[in-house]
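A.B. asks: with the input below, show me the fold.
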Amino acid sequence: MADDDDEGPIHRWTPLPVRIEAVEHFADCAEHMLTVGDLKWADVEQDYRLLAVNISLRRQQESLRAALLLSRHDLGHLAVAFVRAAVDDVMYLRFFASLDLEQSQELFVWIGNFDTLRALLAQRNYIGDKEMARLWYPKHFLDWAVAKSDETRTVLRVLKKQYGWPGGLLPTGVWVADRAGQRELYDYLSAASIRALRFSAGEIMRRGWIEPTGKLVTDKPAFREHLACFALDRLWRLYLDTWQVAVPMLERAGISNDHVLRNDDMITALARLRETGSVPLVHAHEWNLPPTTPST
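C.D. replies: Residues are numbered from 1 along each chain as shown. Predicted coordinates for the structure are as follows:
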């Protein structure tokens, strides 16, 4: 697999159809080189990172395909939402890979318990025990979940002191990014992805463009295309980052490598992608800045 240290020319304008074809070629190569299959529970029970690697690479392959599909139907700007999950994959996999196995297993179990129990009990609070019983959740099981949730919170408070993360019971994204050596990437890309997922006054104002007539439009084709290009550009780069972290665990994570496809094919695909240029998050036109050179 080729190294991805070179971002390529920054914002070399490339028509969206050309970028789509380049990303599609990369996705085809990646899916042939890495086939995400099933895992052995006995292996996962010994190292939960294997499950994380499997699911992260599968989700990112599917996100690339979804982004391509949306882009072909003038909805590629919505694919910016996929960037957040991919950023988190890179950060958290690097973080867990930096721990020894015992530490990784302990954190995975208790953070996982917190997430799953919180969702279960939120559902119970919303629909009530009567409806939960209709969904096959007996009262004694729900009482166990409450007790387990209390135990989980107690353990996480101890782990929080042990590792020194700030804020609440779970590590913050910033703290994980720092520990993973990915702070600059996190600061840059989370600004894009989180605004695509939540209500954001800044993002709302960003989507409004004033026409010379004084009309304010919120579906400017050029800006939608810019966001689609940004998403497509970032998703393949984040996939490579995730792949790099996962290399030592691929076989145990149920991911097979098809050696029929030569590494040369992937190198060609990456060279083609780099030729399309790296797409910045923030376009100068958003700040009413005109081009400074004819080639910009």
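A.B. asks: quick check: pLDDT value at Ala147.
C.D. replies: The model reports Ala147 with a pLDDT of 98.
A.B. asks: so how far is stretch 21-37 off the chain centroid?
C.D. replies: 17 Å (C-alpha atoms, centre = their mean, to the nearest Å).
A.B. asks: number the residues from 806 up from this point.
C.D. replies: New numbering, starting at 806: the last item is stretch 826-842.
A.B. asks: can you pull the buried residues of that stretch?
C.D. replies: Going by neighbour count (16 or more other C-beta atoms under 10 Å), the buried part of stretch 826-842 is Ala827, Val828, Glu829, His830, Phe831, Ala832, Cys834, Ala835, Met838, Leu839, Val841. The way it works is simple: take the backbone N, C-alpha and C, and place the C-beta from them, glycine included.
A.B. asks: OK, contacts around the residue of the chain most remote from its centre?
C.D. replies: Using C-alpha atoms, centre = their mean, the residue of the chain lying farthest from its centre is Thr1018. It sits 39.5 Å away. Not one residue lies near Thr1018 by C-beta atoms under 8 Å, 6 or more residues apart in numbering.
A.B. asks: what is the rounded mean pLDDT of stretch 1043-1061?
C.D. replies: Averaging pLDDT residue by residue across stretch 1043-1061 gives 95.
A.B. asks: what residues of that stretch count as buried?
C.D. replies: Quick answer for stretch 1043-1061 (16+ other C-beta under 10 Å): 1043-1048, 1050-1051, 1054-1055, 1057-1060.
A.B. asks: could these go into TSV alongside distance to Gly973?
C.D. replies: Output for the buried residues of stretch 1043-1061, formatted as TSV (distance: C-beta to C-beta, whole Å):
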residue	distance to Gly973
Leu1043	26
Tyr1044	30
Leu1045	32
Asp1046	27
Thr1047	26
Trp1048	31
Val1050	26
Ala1051	29
Met1054	29
Leu1055	33
Arg1057	33
Ala1058	30
Gly1059	33
Ile1060	33
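A.B. asks: farthest-separated two in the residues you listed?
C.D. replies: Leu1043 and Arg1057 (22.3 Å; C-beta to C-beta).
A.B. asks: rewinding a little: so of the buried residues of stretch 1043-1061, which ones are in strands?
C.D. replies: If you go by DSSP state E, the buried residues of stretch 1043-1061 have Ile1060 in strands.
A.B. asks: from the buried residues of stretch 1043-1061, pick the one nearest Ala1076.
C.D. replies: Leu1045 (13.3 Å).
A.B. asks: contacts for the helix or strand bottoming out on mean pLDDT in the chain, please.
C.D. replies: Ranked by mean pLDDT, DSSP states H and E, the helix or strand of the chain with the weakest confidence is helix 1006-1011, at a mean of 79. Contact with helix 1006-1011 is made by Arg1000, Ala1001, Glu1091, as judged by C-beta under 8 Å, 6+ apart.
A.B. asks: now the last one: closest residue in space that isn't a chain neighbour?
C.D. replies: If I follow you right, that is Glu1091. Arg1011 (6.1 Å; C-beta to C-beta, 6 or more residues apart in numbering).
A.B. asks: same check, this time on the first one
C.D. replies: Distances taken as C-beta to C-beta, 6+ apart place Glu1008 nearest to Arg1000, at 4.0 Å, with adjacent residues excluded.
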